[in-house]
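**Student:** just coords:
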């Protein structure tokens, strides 16, 4: 039985509820973050805390807890649930004033809802997909226009995972105006002639915390990085491809829409970046 | 204290909760309907029940309750809460299997979550805005690509209401590729030379239950109806404009982006359609 956090209380997971009037439930009016845990420590916590601040600010919400208070809750849940490898999920919604209205409730009288819980994922750092690579299918990107805000509007990404599954693939890359935006829960990259290519930051994609770290490590390792959109056809002709996310770290892609990349096995650039990312992140974990 | 319905139970509203793992809360994986109540009776109930079926089906969800069971809950809540004029809100989510995953839970072992509650709105049929008309501002339509499915992904429409409010307006019309899609919670119409113009049905707009009824009544009354997109400039040059929704019925629009329509007062076509809609709907109410 997990211990979870809801609005100041540490509770057994089966007793953890929110009001049916919570705007997270009625209107998807909330944001979230997922922070990985390795060897019982938080990976890139400050990156996630900063992005959370930005998401809240873009939605005119105030953070109910500062960085240190959030860190303390993360650590307490990791301790209480004995998480060695896994995740901490955090969600903040605009709360509830006890009824339903499109108009935001008065923040002076309505507190945000804060929910955190852990997921234990033994073997997270040695995930089999790091060795086998992912099979990807492409789907239209039908999401809203502000994907840089990490909201809980995850219905379409969730449908995308199901579409991938139905085709025997592991995940989907989304395509808009002919160009790949990103994966359903990760940023997308290709590698051609040693150069790492990934879409630049805009409202169209999530500003991945892992993306920022991986690109920094890549540049520090003298790898060439080009931030620009690419097509599925270009990806299929690439030497290799991979995704990054807080929980997948760097995970190779070996097939896109039925076309194998290179020799169909994970590429060396993805492998090296995964190794660097895990090494450096573990050193900096708190 | 309202009585609300949650998964088979009639509860005081303050005790009505859902799990923090509910996919409605975590992933906006849910659909809803709002049915108006006039003189204690349900307006267009069967239209809403049918659209609910369609929304669920588009998301590969099964309806946990048939039309008659839903009707019984609607009526019991109207009775228990003594609703003369108001709304019944219904939401169905994919429920919770006790954890978070993008992949849908197995429907054989995970029940949907069903929530219903009422909102008392005395004077709903005689709303002041029916006499004064609405001031509208235009905003970009940033919503996802399947607006025909009535999901709880209402963050952007909610932000749109706030943008309208900030400009001293009542509501916003959303614009995509230069054409009006619809209002934040209603379908949009203009009237020019006696002809009613409104965008045709597609994935881009909600298939309004009130829209369908109003267009039927308009055609029966020998009014000309043209289903095609229109621009904000065309709307500003129109003789009149209006919106329809389950709770606004037919409500006139008198100003768009600071430009008054006609003489700046509600137009005769909107007035007549509102009268016909209320008359006919009341006759058919159950």
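**Tutor:** Received it, and whenever you're ready, just let me know what you need. It should be emphasised that the depicted structure is a prediction, and the values quoted were computed from it without experimental measurement.
**Student:** The closest residue to residue A:111 other than its chain neighbours: how many residues sit nearby?
**Tutor:** Distance criterion Cβ to Cβ, 6 or more residues apart in numbering or on different chains; nearest residue to residue A:111, sequence neighbours excluded, is residue A:95 at 5.2 Å. All C-beta spots, glycine's among them, are computed from the backbone N, C-alpha and C. Neighbourhood size, residue A:95 [other Cβ atoms under 10 Å in any protein chain shown]: 25.
**Student:** repeat for the one 10 residues further on
**Tutor:** The number of residues packed around residue A:105, counting by other Cβ under 10 Å, is 18.
**Student:** Provide a list of residues in contact with the residue nearest to residue A:111.
**Tutor:** Residue A:95 makes contacts with A:22, A:23, A:105, A:110, A:111, A:112, A:113, as judged by Cβ atoms under 8 Å, 6 or more residues apart in numbering or on different chains.
**Student:** Does it lie in a helix or a strand, and which?
**Tutor:** Using DSSP states H and E, residue A:95 sits within no helix or strand.
**Student:** And the contacts of the longest helix seen in chain A?
**Tutor:** Taking DSSP state H as the criterion, chain A has its longest helix at helix A:268-284. The contact list for helix A:268-284, computed with Cβ under 8 Å, 6+ apart, reads A:38-39, A:41, A:43-44, A:125, A:130, A:191, A:194, A:196, A:210, A:213-214, A:217-218, A:221, A:223, A:239-242, A:244, A:249-253.
**Student:** For the buried ones among these, write the corresponding ChimeraX selection.
**Tutor:** Per 16 or more other Cβ atoms under 10 Å in any protein chain shown, the buried members of those correspond to this ChimeraX selection:
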select /A:38,41,43,44,125,130,191,196,210,213,214,217,218,223,239,240,241,242,244,249,250,251,252,253
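**Student:** Of the contacts of helix A:268-284, which belong to strands?
**Tutor:** A:38, A:41, A:191, A:196, A:240-242, A:244, A:249-253 (DSSP state E).
**Student:** Is it possible to get TSV of these that adds pLDDT?
**Tutor:** Below are the ones in strands among the contacts of helix A:268-284 laid out as TSV (pLDDT from 0 to 100):
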residue	pLDDT
A:38	97
A:41	98
A:191	98
A:196	98
A:240	97
A:241	98
A:242	98
A:244	98
A:249	97
A:250	98
A:251	98
A:252	98
A:253	98
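**Student:** Out of those, which is nearest to residue B:261?
**Tutor:** residue A:244 (51.0 Å; Cβ to Cβ).
**Student:** Which parts of the stretch 151-286 of chain A are helices?
**Tutor:** Taking DSSP state H, counting those that start in this stretch, the helices of the stretch 151-286 of chain A run over residues A:155-166, A:209-220, A:232-236, A:268-284.
**Student:** which parts of the first one are buried?
**Tutor:** Neighbour counts over helix A:155-166 (16+ other Cβ under 10 Å) mark A:155, A:156, A:157, A:158, A:159, A:160, A:161, A:162, A:163, A:164, A:165 as buried.
**Student:** Distance of the second one relative to chain B?
**Tutor:** If you measure residue A:156 against chain B using Cβ to the nearest Cβ, to the nearest Å, the figure is 6 Å.
**Student:** which residues touch that residue?
**Tutor:** Contact partners of residue A:156, counting by Cβ under 8 Å, 6+ apart, are A:142, A:143, B:144, B:146.
**Student:** show me where the stretch 1-150 of chain A has helices.
**Tutor:** Secondary structure of the stretch 1-150 of chain A (DSSP H, counting those that start in this stretch): helices located at A:23-27, A:45-58, A:67-80, A:129-132.
**Student:** Output those helices in CSV, with mean pLDDT and distance to residue B:29 appended to each entry.
**Tutor:** As requested, the helices of the stretch 1-150 of chain A are arranged in CSV below (pLDDT from 0 to 100; distance: least, Cβ to Cβ, whole Å):
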stretch, mean pLDDT, distance to residue B:29
helix A:23-27, 98, 11
helix A:45-58, 98, 20
helix A:67-80, 98, 24
helix A:129-132, 94, 24
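**Student:** Check the offset of the longest helix of chain A from the chain's centre.
**Tutor:** Distance, stretch centre to chain centre, for helix A:268-284: 17 Å (Cα atoms, centre = their mean, to the nearest Å).
**Student:** How about stretch A:35-44?
**Tutor:** Centroid separation for stretch A:35-44 versus its chain: 14 Å, with Cα atoms, centre = their mean.
**Student:** can you pull up the bridge partners for residue A:4?
**Tutor:** Counting by DSSP bridges, residue A:4 forms beta bridges with residue A:11.
**Student:** Skipping adjacent residues, who's closest to residue A:120 in space?
**Tutor:** Counting by Cβ to Cβ, 6+ apart, the residue nearest residue A:120 is residue A:86, at 4.4 Å.
**Student:** Same check on residue A:204?
**Tutor:** Leaving aside its sequence neighbours, residue A:204 sits nearest to residue A:181 (Cβ to Cβ, 6+ apart; 5.3 Å).
**Student:** looking at chain A, which helix or strand does the model trust least?
**Tutor:** One helix or strand of chain A scores below all others by mean pLDDT, DSSP states H and E: helix A:129-132, with a mean of 94.
**Student:** Need the residues that contact that one.
**Tutor:** With contacts defined as Cβ under 8 Å, 6+ apart, helix A:129-132 is touched by A:170, A:248, A:249, A:251, A:252, A:254, A:266, A:274.
**Student:** Which of the residues in it are classified as buried?
**Tutor:** By neighbour count on 16+ other Cβ under 10 Å, the buried set for helix A:129-132 is A:129, A:130.
**Student:** Ok, stretch A:96-112 next?
**Tutor:** Residues of stretch A:96-112 classed as buried under the neighbour-count rule (16+ other Cβ under 10 Å) are A:96, A:97, A:100, A:102, A:104, A:105, A:111, A:112.
**Student:** Pick out the most distant pair among these.
**Tutor:** Greatest spatial distance among the buried residues of stretch A:96-112 (Cβ to Cβ): A:102 and A:111, at 19.6 Å.
**Student:** residue contacts, the residue nearest to residue A:120?
**Tutor:** Counting by Cβ under 8 Å, 6+ apart, residue A:86 touches A:36, A:37, A:118, A:119, A:120, A:121, A:122, A:124.
**Student:** ok, it to chain B distance?
**Tutor:** Using Cβ to the nearest Cβ, residue A:86 is found at 12 Å from chain B.
**Student:** try residue A:236
**Tutor:** Residue A:236 is 24 Å from chain B, by Cβ to the nearest Cβ.
**Student:** ok, and the closest non-adjacent residue to that residue?
**Tutor:** Per Cβ to Cβ, 6+ apart, closest to residue A:236 is residue A:259, 4.3 Å.
**Student:** So which of the contacts of residue A:95 sit within strands?
**Tutor:** Short answer: the contacts of residue A:95 in strands (DSSP E) are residue A:113.
**Student:** and chain A, what are its domains?
**Tutor:** Per automatic domain parsing, the structural domains of chain A span A:3-126, A:129-284.
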